[in-house]
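Participant: Fold the following.
(chains A and B)
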Amino acid sequence: DAGVIQSPRHEVTEMGQEVTLRCKPISGHNSLFWYRQTMMRGLELLIYFNNNVPIDDSGMPEDRFSAKMPNASFSTLKIQPSEPRDSAVYFCASSVADTQYFGPGTRLTVL
Amino acid sequence: GESVGLHLPTLSVQEGDNSIINCAYSNSASDYFIWYKQESGKGPQFIIDIRSNMDKRQGQRVTVLLNKTVKHLSLQIAATQPGDSAVYFCADRRREYGNKLVFGAGTILRVKS
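Facilitator: This next block holds a predicted model:
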């Protein structure tokens, strides 16, 4: 069975550029979560969706970050404009009940 | 140079020994708890979970113990193997916050052969 799929796996961009991270949740899962992991702050929840509707975006750092879930099988996390402090590993996770299953992550480097 | 960031506790065990990784949580309203394993360059991998109406749950080579009185969670790994080397995270969920998990900082497990 395919797990959570994220793309790209690695992204290197320059400050000021727009970055779009993509996630395909596990088929049948109705909740989707975006996390950010850094050495300084550990694993932080940015936003989560239930049935494609954003439920809690209190973890989104600022207006430069936005997330969408146009359908049950796809979500994007966009950073515009990107800054060096956005460099981190971004994880997507999905769940149908309590257990969240994580994707492999996207390692973002903003120069 | 000086390293900056979270200083994760490290547990070093000999191959074949049992490992116990501990975690404290703060909110007595937490109703669900989960352990993840994260290997270098990979996403967190689900290991085992437990609800607040239980105090023990066993899986394959792993056991989770929950002590609600002192708000403490532990993960026991039997016969630790080199492949168990990773960072282990506990997380808890507070029902009033919906499906959000709050993660601990993590513990590094190193297995010596």
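
Participant: for chain A, what spans make up the strands?
Facilitator: Assigned by DSSP state E, chain A shows strands spanning A:5-7, A:10-13, A:19-24, A:31-38, A:42-50, A:53-56, A:65-71, A:74-79, A:88-95, A:101-102, A:106-110.

Participant: how close does B:Ser6 get to B:Phe89?
Facilitator: Heads up, residue B:6 is Leu, not Ser. Using CB to CB, to the nearest Å, one obtains 11 Å as the distance from B:Leu6 to B:Phe89. Glycine gets a C-beta too; all of them are placed from N, C-alpha and C.

Participant: what do those two both touch?
Facilitator: Common neighbours of B:Leu6 and B:Phe89 are listed as B:Gly106 (criterion: CB atoms under 8 Å, 6 or more residues apart in numbering or on different chains).

Participant: what about these two, which has more around it?
Facilitator: B:Phe89 (24 against 12; other CB atoms under 10 Å in any protein chain shown).

Participant: and that one, bridged to which residues?
Facilitator: Beta-bridge partners for B:Phe89, by DSSP bridges, are B:Tyr36.

Participant: rewinding a little: which one of the strands of chain A lies nearest to B:Leu65?
Facilitator: Proximity to B:Leu65 (CB to CB) singles out strand A:42-50 among those, at 22.7 Å.

Participant: got the CA coordinates for the closest one in CSV?
Facilitator: The C-alpha coordinates for strand A:42-50 follow below in CSV (Å, rounded to 0.1, in the frame of the first residue of the first chain):
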residue,chain,number,x,y,z
GLY,A,42,11.4,20.2,17.0
LEU,A,43,8.2,19.0,15.3
GLU,A,44,5.5,21.6,15.1
LEU,A,45,2.0,21.4,13.7
LEU,A,46,1.3,24.1,11.1
ILE,A,47,-2.3,23.3,10.0
TYR,A,48,-4.7,20.5,9.7
PHE,A,49,-7.7,19.6,7.6
ASN,A,50,-10.8,17.4,8.3
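
Participant: And the residue nearest the centre of chain A?
Facilitator: A:Trp34 (3.6 Å; CA atoms, centre = their mean).

Participant: Return the residues in contact with A:Arg107.
Facilitator: Contact analysis of A:Arg107 by CB under 8 Å, 6+ apart lists A:9-11, A:89.

Participant: typo on my end, A:Met60
Facilitator: By CB under 8 Å, 6+ apart, the contact set of A:Met60 is A:46-47, A:66-67.

Participant: Flag every residue of chain A that's near chain B.
Facilitator: A:4, A:31, A:33, A:38-43, A:45, A:48, A:50, A:55-56, A:91, A:93, A:95, A:98-105 (CB under 8 Å from any CB of the partner chain).

Participant: Recalculate using a threshold of 6 Å.
Facilitator: Within chain A, the residues that sit near chain B (CB under 6 Å from any CB of the partner chain) are A:31, A:39-40, A:42-43, A:45, A:55, A:91, A:98-99, A:102-105.

Participant: Rebuild these as CSV, extending it with neighbour count.
Facilitator: Below are the residues of chain A next to chain B laid out as CSV (neighbours: other CB atoms under 10 Å in any protein chain shown):
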residue, neighbour count
A:Ser31, 20
A:Met39, 11
A:Met40, 9
A:Gly42, 17
A:Leu43, 22
A:Leu45, 24
A:Ile55, 15
A:Phe91, 26
A:Asp98, 15
A:Thr99, 15
A:Phe102, 22
A:Gly103, 24
A:Pro104, 17
A:Gly105, 24
